[in-house]
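Next come a sequence and a model predicted from it.
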Amino acid sequence: MTFFQEFKTFINRGNAVDLAIGVIIGAAFGKIVNSVVGDIIMPPIGLLIGGVDFSDLSLILKGAAEGKPPVSIKYGSFLNTVIDFIIIAFVVFLVIKAFNKLRGPATPAEAANIKCPQCLMQIPNGALRCGHCCGELGK
């Protein structure tokens with residue numbers, strides 16, 4: 001099989017396309033969340049703590065000299081990123097919770113089956129006799 005045939009097989013499986021769509025939608029969603037956090041949530045929080053803009057918070061290790069920018073640790077940008085992550089995680093949690101609610105209660109295969117007390121094989125929950133050993137289930 002040639003390289004291009006392998007690539008065509010890989011793309012046609014569907015997983016690659018699903019992954020690509022997920023990455024694209026995730027990137028777009030990330031931009032929306034960054035805008036919500038940076039433009040809507042952080043300004044009121046900064047106002048509450050005295051008009052501080054988190055993105056400007058930094059610890060200067062070495063000041064600017066001879067046209068070079070200062071060396072600094074930008075912990076304000078880090079705080080913004082952490083808040084972005086928390087909001088994204090919360091929104092993903094809400095989306096998954098809503099999706100699970102729409103999908104309905106899960107019925108795992110183990111809950112639909114019981115073990116025969118004589119041969120210990122899995123049998124349907126409503127069975128009166130075991131299909132493997134013909135033993136009575138005593139219901």
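Received the coordinates, thanks.

which stretch of helix or strand covers Phe99?
Secondary structure assignment for Phe99, by DSSP states H and E: helix 75-103.

Check which residues of that helix are buried.
For helix 75-103, burial by neighbour count (16 or more other CB atoms under 10 Å) applies to 76, 80, 83-84, 88. Glycine gets a C-beta too; all of them are placed from N, C-alpha and C.

was I right about Phe10 contacting Ala20?
No. At 11.8 Å, Phe10 does not count as touching Ala20 under the criterion of CB atoms under 8 Å.

tell me the domain ranges of this structure?
3-102, 107-139 (automatic domain parsing).

Serialize these to CSV and add fields for mean pLDDT.
Shown next, in CSV, are those (pLDDT from 0 to 100):
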stretch, mean pLDDT
domain 3-102, 82
domain 107-139, 77
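
ok so, going back, in CSV, list the buried residues of helix 75-103 along with distance to Gly50.
CSV is the format used below for these (distance: CB to CB, whole Å):
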residue, distance to Gly50
Gly76, 14
Asn80, 17
Ile83, 18
Asp84, 22
Ile88, 27
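
Of those residues, which is the nearest to Asn113?
For these, the closest approach to Asn113 (CB to CB) belongs to Ile88, at 38.8 Å.

From what I see, the closest one and Gly30 are in contact.
Yes. Using CB under 8 Å, Ile88 makes contact with Gly30 at a distance of 7.2 Å.

for Glu136, phi and psi?
phi -80, psi 140 (degrees, to the nearest 10).
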